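Participant: Curious how this folds, go ahead:
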Amino acid sequence: VLPLEDAKRLLLEIAERIGGRAGELARLCGCLPIALRNAAFHPGGEEEPERG
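Facilitator: Numbering: from 1, shown residues only. Next up is the predicted model:
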């Protein structure tokens, strides 16, 4: 488990787009490095393209 500041830094190094939400996301991931990496690489926040 990483300290909160280190967890935020890791998220921002991987995905700057997270920005000011890094602290909240780090807490939601329990500051666990593998969870942080998965969350950072997830394309969340983007809408699914319409099909059909």
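Participant: quick one: which helix or strand includes the residue nearest the centre of the chain?
Facilitator: Most central in the chain under C-alpha atoms, centre = their mean is Ala40, positioned 3.6 Å from the mean C-alpha point. Of the helices and strands defined by DSSP states H and E, Ala40 is found in helix 33-41.
Participant: List the buried residues of that helix.
Facilitator: Of the residues in helix 33-41, Leu36, Ala39, Ala40 count as buried by neighbour count, 16 or more other C-beta atoms under 10 Å. Using the backbone N, CA and C atoms, a C-beta is placed for each residue, glycine as well.
Participant: Show me what it packs onto, helices and strands only.
Facilitator: helix 4-14, helix 22-28 (3 or more C-beta pairs under 8 Å, 6 or more residues apart in numbering; DSSP states H and E).
Participant: Now with 6 Å, please.
Facilitator: helix 4-14 (3 or more C-beta pairs under 6 Å, 6 or more residues apart in numbering; DSSP states H and E).
Participant: Quick one, grab the pLDDT at Gly44.
Facilitator: Gly44 carries a pLDDT value of 67.
Participant: for Ala40, that is, sorry about that
Facilitator: 93.
Participant: Hmm, it is touching Leu10, no?
Facilitator: No - look at Ala40 against Leu10 with C-beta atoms under 6 Å: they stay out of range, at 7.6 Å.
Participant: show me the contacts for Ile14.
Facilitator: Shown in contact with Ile14 (C-beta atoms under 6 Å, 6 or more residues apart in numbering): Ala40.
Participant: Any regions of the protein where pLDDT drops low?
Facilitator: 44-52 (pLDDT under 70).
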